[in-house]
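[1] compute the structure for the input listed below.
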Amino acid sequence: MRAILAPEPGGPEALQIVEVERPVPGPGEVLVRVVAAGVNRADILQRQGHYPPPPGHPDTIGLEVSGVVAELGEGVTGWQPGQECLVLLASGGYAEYVVAPAGQLVPAPPEMDLVDAAGILEVAATVVSNLDLARLAPGETFLVHGGAGGIGSFAIPYAKGLGCTVLTTAGSAENLDYCRALGADHALDYHEDWVSAVKELTDRHGADVILDIMGAKYLPLNVRALAVGGRQVTIGLQGGRKGELDLGLLLNKRASIHATSLRFRPPAEKAAICARVAKVVWPMLAEGIIRPLRTQRVPFDEVRRAHELMDAPGHRGKIVLVR
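    The predicted structure is shown next:
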């Protein structure tokens, strides 16, 4: 079967379509024929050599796919060949077939196009699991950075659907308008003093929960923006790995900072997260509380263009590779 790897780290030109053996499902696993694969920031990092897959997983890039069940491993129940599904992966998604533990498959959202659905499971699993960790509650103020990207495009309407006041940052007038259209109460230009804006807009209260993709660059700024008792969850390092933390300010605010990764969690944890997404998010999609993500489709053979689009300024929503 065909699969996409980056044998040597580099830019989009490093991506190669190669022939590899089709995976075989082991006990408790399912083989899925891929219809479409979501493109995520982690894919860019893997291509650049910064984010290799966990040991024992294929070097093929890709963390999520939509597809059709092709074969069941020993002991699998609840699935049948021919059923449509979404799959959360540690790697391997840019391929014609993938294999995954049965718990990492979920039915596609009702009445949602299977190709568009390819880009929702990884972001939904990331946002839901981390906002559960942060104990985001109705009535609280929520701040997510990068509101026009994949994570932000899902986190904004999800938090709004939970009954929160939603703030976000973005870098252009078009992206700020896009975030407002998604439901953000306030969209802030990150080139400006967004910390002071957060304080002003919340009557000096600050953000109860911050979902951070930036890491080191925003660490001191986020601590200043947090409310007393606030909770920050860092899920990305786009602004670097090492930053300076004012522990005195964090202590005075009785605030907390968590750092998490979805990719390296054990299968049992991923299965629980997938089940949680299907239980909580799919009804919100059906009821129109969350609208399907804006999806840009790119043919499988044009994967380099997909990564160029992801790298380009002004990227919004999700990109999916279509076979």
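
[2] pick out the residue nearest the middle of this structure.
    In the chain, the residue lying closest to the centroid (Cα atoms, centre = their mean) is residue 123, at 2.7 Å.

[3] now do the host helix or strand of residue 35: distance to the chain's middle.
    Assigned by DSSP states H and E, residue 35 belongs to strand 29-39. Distance of strand 29-39 from its chain centroid, counting by Cα atoms, centre = their mean, to the nearest Å, is 17 Å.

[4] note down every partner strand of that strand and its orientation.
    Strand pairing for strand 29-39, using DSSP bridges, gives strand 64-72 (antiparallel), strand 97-101 (antiparallel), strand 318-322 (antiparallel).

[5] before we move on, back to that, show me what contacts the residue nearest to the centre of the chain?
    Contact analysis of residue 123 by Cβ atoms under 8 Å, 6 or more residues apart in numbering lists 40, 150-151, 153-155, 293, 318. For glycine as for every other residue, the C-beta is placed from the backbone atoms N, C-alpha and C.

[6] does it sit in a helix, a strand or a coil?
    helix (DSSP: H, G, I helix; E, B strand; the rest coil).

[7] please begin residue numbering at 21 from this point
    Yep, numbering from 21; the last one is residue 143 now.

[8] what's the mean pLDDT across the very next helix or strand once past the strand holding residue 55?
    Next helix or strand after strand 49-59 toward the C-terminus (DSSP H and E): helix 61-67. For helix 61-67, mean pLDDT is 95.

[9] cool, stretch 268-281 as well?
    96.

[10] over to stretch 90-102?
    The average pLDDT within stretch 90-102 is 97.

[11] do stretch 42-50 as well
    Here stretch 42-50 scores 98 as its mean pLDDT.

[12] neighbouring contacts of that stretch?
    Taking Cβ under 8 Å, 6+ apart as the rule, stretch 42-50 contacts 21, 51, 78, 89, 91-96, 99, 105, 112, 116-122, 125.

[13] what's the neighbour count on the spatially closest residue to residue 119 that is not a sequence neighbour?
    Excluding the flanking residues, the one nearest residue 119 by Cβ to Cβ, 6 or more residues apart in numbering is residue 43, at 4.0 Å. If you count neighbours by other Cβ atoms under 10 Å, residue 43 ends up with 20.
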